[in-house]
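Trainee: Sequence and computational prediction follow.
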Amino acid sequence: IAGITQAPTSQILAAGRRMTLRCTQDMRHNAMYWYRQDLGLGLRLIHYSNTAGTTGKGEVPDGYSVSRANTDDFPLTLASAVPSQTSVYFCASSVQGGGNSPLHFGNGTRLTVT
Amino acid sequence: KNQVEQSPQSLIILEGKNCTLQCNYTVSPFSNLRWYKQDTGRGPVSLTIMTFSENTKSNGRYTATLDADTKQSSLHITASQLSDSASYICVVSEGRDDKIIFGKGTRLHILP
């Protein structure tokens, strides 16, 4: 089934450790996004990429980095995790950047930083 | 400031009843408005999209309305089912910088 695959599904991580959340899509969408979802705050954009080879900062980029080496993959890296990064992380894609095409979301990675 | 406000924060209704969720926005210039459904433990899924010229859009038992003059939208669910228990998120796209602004969602619980 076409869509977005995120891995791992959940992770418990010690503070200070490095972690990469994986995201792969098979829809050949140009744009990809990383969001975090926290209770009471809704979905907040971390980083985005409108096309392979380009990335941009979202609303809450500090402590996170991304790369977009090809169309399908958009990994999110936490260089040195802190407890405030405990959240549910969603990867999404759309045919093109901006809001004119719907976002397709993965099922999330639940990350706990202790 | 571009904002999307949803009400109520949460809602509990009995199976078979109808309900209406509200979304007010201050996004300008307006491009489009989408409603997403998010089941527990899953990512959001798009239900409807409306542009400036559309004032109603249906998807099965879900009907969304848009009043672009008052910057309000509603999502009406008819004859609710247990599977409608989810969070419903209103998302507005801004027409100048292509930003996507999310509401915080309404958590809907359907009781048998």
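Mentor: Arrived safely. Numbering: from 1, shown residues only, chains lettered A, B, ... in the order given.
Trainee: CA atoms for contacts and neighbours, from now on please.
Mentor: Fine.
Trainee: what does chain B put close to chain A?
Mentor: B:31-32, B:41-46, B:92-94, B:97-100, B:102-105 (CA under 8 Å from any CA of the partner chain).
Trainee: hmm, which of those residues are the buried ones?
Mentor: B:31-32, B:43-46, B:92-94, B:99-100, B:102-105 (16 or more other CA atoms under 10 Å in any protein chain shown).
Trainee: which among the residues you listed gets closest to B:Glu54?
Mentor: B:Asn32 (9.5 Å; CA to CA).
Trainee: Report the contact partners of that closest one.
Mentor: A:Gly99, A:Asn100, B:Ile49, B:Met50, B:Thr51, B:Phe52, B:Val92, B:Ser93, B:Glu94 (CA atoms under 8 Å, 6 or more residues apart in numbering or on different chains).
Trainee: what does B:Arg61 give?
Mentor: B:Arg61 neighbours (CA under 8 Å, 6+ apart): B:Ile77, B:Thr78, B:Ala79.
Trainee: Which one of these sits in the busiest neighbourhood?
Mentor: Counting neighbours by other CA atoms under 10 Å in any protein chain shown, B:Ile77 leads these with 21 neighbours.
Trainee: Check that one and give its pLDDT.
Mentor: With respect to pLDDT, B:Ile77 scores 98.
Trainee: quick one on the thing from earlier: distance to A:Glu59 and secondary structure added to the contacts of B:Arg61, as a markdown table?
Mentor: Converted to a markdown table, those look like this (distance: CA to CA, whole Å; DSSP: H, G, I helix; E, B strand; the rest coil):
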| residue | distance to A:Glu59 | secondary structure |
| --- | --- | --- |
| B:Ile77 | 32 | strand |
| B:Thr78 | 36 | coil |
| B:Ala79 | 38 | coil |
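Trainee: closest to chain A among the residues you listed?
Mentor: B:Ile77 (21.0 Å; CA to the nearest CA).
Trainee: Which residues does that closest one form beta bridges with?
Mentor: B:Cys19, B:Tyr62 (DSSP bridges).
Trainee: Report how many residues lie close to the closest residue to A:Thr109 other than its chain neighbours.
Mentor: Of all residues not flanking A:Thr109 in the chain, A:Thr9 sits nearest, at 4.6 Å (CA to CA, 6 or more residues apart in numbering or on different chains). A:Thr9 has 15 neighbours, counted by other CA under 10 Å.
Trainee: what does chain A have sitting close to chain B?
Mentor: A:40-44, A:90, A:97-100, A:102-108.
Trainee: Good, we can wrap up now.
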